[in-house]
Each structure stands twice: as C-alpha cells, then as structure tokens.
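> here is a sequence with its predicted model. Questions after.
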Amino acid sequence: MILVTGVSGALGGLILDGLSALDDLEVVAGTRSSDGTTARRVDFDEPATLAEGFQGVDVLVFVSAGYAEDDVVLARHGAVADAAASAGVRHVIYTSLAGSGDLMTIALPHRWTETRLAAAPFDVTILRNGLYAEGVPVDLAAQSAGPAAETGVFTAALGAGRVSVVARQDLADVAVRVAAETQRDLTADGSSRHSHKTYELEGVTAIGGVDIAEALANGLGRPVEYRTLSLSETRTALDGSPLEPYQITHTLSLFANTNAGLLEAHASDLPTLLPTAPRPIHDLIVKAVEAASR
Ligand SMILES: NC(=O)c1ccc[n+]([C@@H]2O[C@H](COP(=O)([O-])OP(=O)(O)OC[C@H]3O[C@@H](n4cnc5c(N)ncnc54)[C@H](OP(=O)(O)O)[C@@H]3O)[C@@H](O)[C@H]2O)c1
C-alpha cells in the first residue's frame with residue numbers, strides 16, 4: 001500500500017491523482033483535515049496521527065511541509081521519520097529541494113531531512129525537486145500584469161540571473177512513476193530499483209527578468225521592459241506585506257541566489273524520468289498573464 005501525505009496541497013494532490021489512476025495499486029490519501037472516511041488523518045505536528053496513519057503502509061510518499069520556521073519543519077519531518085520506522089514502512093520517497101538551491105535558506109530543513117531519513121531503517125528515495133514554474137515566474141508575471149499593462153515596465157530583484165524551473169505536474173509525474181515502480185518492485189522481489197537514489201529534478205528551462213517581461217509583452221500585447229530592483233528595495237516592500245517573517249527571509253534568499261547566478265541548473269534527471277519532454281514553461285507564464293489581465 002502507498003500513502004501520499006499533504007494531498008490537499010498542490011503537489012500531493014497531483015501525486016494522489018496520478019497514483020489513483022493506476023488500477024493495480026492500493027493508494028491511500030493522507031491529510032491533516034481528514035474526516036477519516038476517504039483519507040487518513042496525517043498531521044506531522046501531531047505524531048499520534050502518524051503512528052495510526054502509517055499502519056500497513058509499504059511506500060510512503062512524504063511531501064515536505066515546509067511552510068513554517070525551520071525548528072517547526074525539523075520537528076515535523078523528524079516525527080515522520082520516527083513514525084515511519086515504528087510503523088514498519090518499507091520505503092520512503094521524500095520530495096526535497098534540487099541541488100542548485102543548496103545555498104537558499106529553505107535548503108537547511110531539506111538537507112537535514114535527507115540525512116535523517118538516510119539513518120532510518122527503511123529504504124529511501126530522494127526526489128530533489130526543482131523550483132516550481134508556478135512559483136517565481138508564473139506568480140511574479142501574474143502579479144505584475146496590471147502594473148506592466150499600465151507602465152510597460154516589469155520590476156523584480158532578479159538582477160541578471162535566471163532560475164531553472166519545472167512544472168509542478170512534471171514533478172508529480174516523476175513521483176508517481178517512482179512510487180508505483182517501488183511498490184511493484186517490493187511486491188515482486190522485496191527491493192526497489194529506486195532504493196538509495198537521489199534524483200535531481202532540476203528544471204531544464206531557466207527564466208530571468210527579461211524572459212518574464214517578454215511573456216508579459218506577449219500576454220498583454222504591448223512592449224514591456226525589465227528593470228531589476230535591489231534586494232534592499234525588495235526587503236522594504238516585503239516588510240510592509242502580509243507575508244510571515246520566515247517567508248520574507250526565504251523570498252529574499254531566493255532573489256539573492258538568483259542574482260548570484262546559483263539557481264541556473266546545468267544537469268537534471270528530469271528528462272530521463274519523464275515519459276515525454278518536460279512541459280514548456282513559457283506557455284504557463286503567458287497563460288497566467290492572460291488570465292490575470294482578463
Ligand atoms: N519546489 C518548490 O518550488 C517549492 C515551492 C514551495 C514549497 N515547496 C515545498 O513543497 C511542498 C509541497 O508543495 P505544494 O505546492 O504542494 O504546497 P502546498 O500546495 O502549499 O501544500 C502544502 C501541503 O503540505 C501539507 N502540510 C502542511 N503542514 C502539514 C503538517 N503539519 N502535516 C502534514 N502535512 C502538512 C498540507 O496538506 P494537508 O492539509 O492535506 O495535510 C498542505 O496542503 C511544500 O509543503 C514545501 O515544503 C516547494
């Protein structure tokens with residue numbers, strides 16, 4: 001049996017949908033908000049739900065729950081590792097962060113979790129997910145559609161850097177493949193071809209400020225010029241936003257890493273793990289701009 005955590009979230013939901021479409025597998029949903037009938041209650045902040053929720057599970061698709069301060073995330077992820085070991089889970093597939101993000105602030109809990117899982121008694125596969133296309137490029141473009149339509153200018157603290165991004169659905173497709181093959185391998189001969197593997201699922205398309213301006217221009221039907229903001233200007237703007245303090249830290253870190261050119265990846269396991277080419281990113285951005293400007 002496969003259990004997927006965080007199924008009300010975007011990634012967990014897509015993984016659950018993909019696995020549920022495969023007739024030969026028993027798949028169970030895990031979520032904090034379960035009514036106990038269609039899904040199991042799995043809340044990393046409440047270890048008692050994990051002891052019960054992981055019963056009978058062979059393969060756990062452990063979707064990171066990173067929206068919190070680091071100490072909270074470490075406690076959550078440590079609780080998952082402990083509970084999976086106690087419940088006799090045979091294989092854990094963890095959705096981590098791609099190597100290009102090593103110096104981002106969000107890397108700390110991911111790398112800690114990878115180490116914690118490696119010391120556990122079950123087999124592990126690490127899916128080092130690239131940054132979502134639906135994050136920086138799509139969100140930034142959608143949020144900027146109104147101002148860019150008016151001023152013809154797109155501003156963001158990306159400097160001259162680019163971010164390699166991947167469609168969330170591609171990451172879900174890889175997780176589905178790895179989880180399905182692992183469950184089938186365990187049933188057939190007890191070990192998985194994906195055991196002890198770390199897959200770098202970096203995006204194969206890098207997007208920078210000029211690319212977002214170009215997508216805005218296409219979506220809006222008018223010229224749009226990119227101008228970078230400084231990190232200091234961005235910090236001031238974010239300080240007045242409704243974001244949580246830890247989100248401001250992570251956002252500035254993302255921009256700083258982009259400025260430093262660190263988020264442009266040069267190799268990826270994504271194309272070999274997907275059945276077809278990775279989804280095109282520019283289309284996603286232009287569609288988001290069109291939707292935002294309707
Ligand atoms: N690669 C990237 O660019 C990127 C960007 C942002 C975040 N991430 C990471 O990837 C994860 C999945 O991304 P996403 O797009 O699916 O995020 P999302 O749509 O915000 O979903 C996150 C899900 O995490 C689950 N969760 C939160 N707290 C939890 C807890 N205490 N115990 C168990 N589950 C908990 C929730 O699902 P339930 O309510 O169903 O339990 C929530 O819906 C995020 O949580 C974050 O760690 C990656």
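Structure received. Everything numeric here is computed off the predicted structure, so don't read it as measured data.

> which parts of the stretch 51-200 of the chain sit against the ligand?
Contact residues, the stretch 51-200 of the chain versus the ligand (Cβ under 6 Å from any ligand atom): Val63, Ser64, Ala65, Gly66, Tyr67, Arg76, Thr95, Asn129, Leu131, Tyr132, Gly135. Every residue, glycine included, has its C-beta placed from N, CA and C.

> residue contacts, the fourth one?
For Gly66, the residues meeting the contact criterion (Cβ atoms under 8 Å, 6 or more residues apart in numbering) are Val73, Ile106, Pro109, His110.

> tell me which stretches of the stretch 151-294 of the chain form strands.
153-156, 162-166, 197-201, 205-208, 225-228 (DSSP state E, counting those that start in this stretch).

> make TSV from the ones you listed and add distance to Gly6, mean pLDDT and mean neighbour count to it.
Below are the strands of the stretch 151-294 of the chain laid out as TSV (distance: least, Cβ to Cβ, whole Å; pLDDT from 0 to 100; neighbours: other Cβ atoms under 10 Å):
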stretch	distance to Gly6	mean pLDDT	mean neighbour count
strand 153-156	29	97	20
strand 162-166	18	97	25
strand 197-201	17	98	19
strand 205-208	26	96	23
strand 225-228	34	98	16
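
> and for the residue of the chain found nearest the ligand, the neighbour number?
As assessed by Cβ to the nearest ligand atom, the ligand sits closest to Gly9 within the chain, at 2.1 Å. Gly9 is flanked by 17 other residues according to other Cβ atoms under 10 Å.

> Thr276 too?
By other Cβ under 10 Å, neighbour count at Thr276 equals 8.

> just list the residues touching the closest residue to Ala175 other than its chain neighbours, thanks.
Closest residue in space to Ala175, ignoring its immediate chain neighbours: Ile15 at 4.8 Å, by Cβ to Cβ, 6 or more residues apart in numbering. Neighbouring residues of Ile15 by Cβ under 8 Å, 6+ apart: Val4, Val7, Val61, Val63, Ala172, Ala175, Val176, Ala179.

> for Glu264, give me the pLDDT.
If you check Glu264, the pLDDT there is 97.

> apart from its chain neighbours, what residue comes closest to Glu225?
Counting by Cβ to Cβ, 6+ apart, Val153 is the residue found nearest to Glu225 once chain neighbours are left out, at 5.4 Å.

> mind listing what the one you found touches?
Residues near Val153 by Cβ under 8 Å, 6+ apart: Pro147, Val224, Glu225, Tyr226, Arg227.

> tilt between whichever strand or helix holds the first one and strand 162-166?
Element membership of Pro147, judged by DSSP states H and E, is helix 136-151. Relative orientation of helix 136-151 and strand 162-166, computed by axes from the mean of the first three to the mean of the last three Cα atoms, to 10 degrees: 120 degrees.

> now the residue of the chain closest to the ligand: how far from Asp35?
17 Å (Cβ to Cβ, to the nearest Å).

> and for Ala156?
Distance from Ala156 to Asp35, counting by Cβ to Cβ: 41 Å.

> from the contacts of Gly66, which ones fall inside helices?
Using DSSP state H, the subset of the contacts of Gly66 located in helices is Val73, Pro109, His110.

> quick one: mean pLDDT for stretch 87-101?
If you average the pLDDT over stretch 87-101, you get 98.

> let me see the mean pLDDT of the longest helix anywhere in the chain.
Using DSSP H to define each element, the chain has its longest helix at helix 168-189. Averaging pLDDT along helix 168-189 gives 96.

> distance from the chain centre to that helix, please.
On the basis of Cα atoms, centre = their mean, to the nearest Å, the separation between the geometric centre of helix 168-189 and that of its chain is 17 Å.

> can you check stretch 238-258 too?
Distance of stretch 238-258 from its chain centroid, counting by Cα atoms, centre = their mean, is 17 Å.

> how about Ala172: what's its closest non-neighbour residue?
Ala172 sits nearest to Leu14 (Cβ to Cβ, 6+ apart), 3.5 Å away.

> toward the C-terminus, what is the element adjacent to the helix or strand encompassing the one you found?
Here Leu14 sits within helix 10-20, counting by DSSP H and E. The C-terminal neighbour of helix 10-20 among helices and strands, as given by DSSP H and E, is strand 27-31.

> do you know how far Asn129 is from Gln183?
20 Å.

> likewise Leu216?
The gap separating Leu216 from Gln183 is 43 Å, by Cβ to Cβ.

> between the two, point out the one with more neighbours.
Counted by other Cβ under 10 Å, Leu216 and Gln183 do not tie: Leu216 has more neighbours, with 31 against 23.
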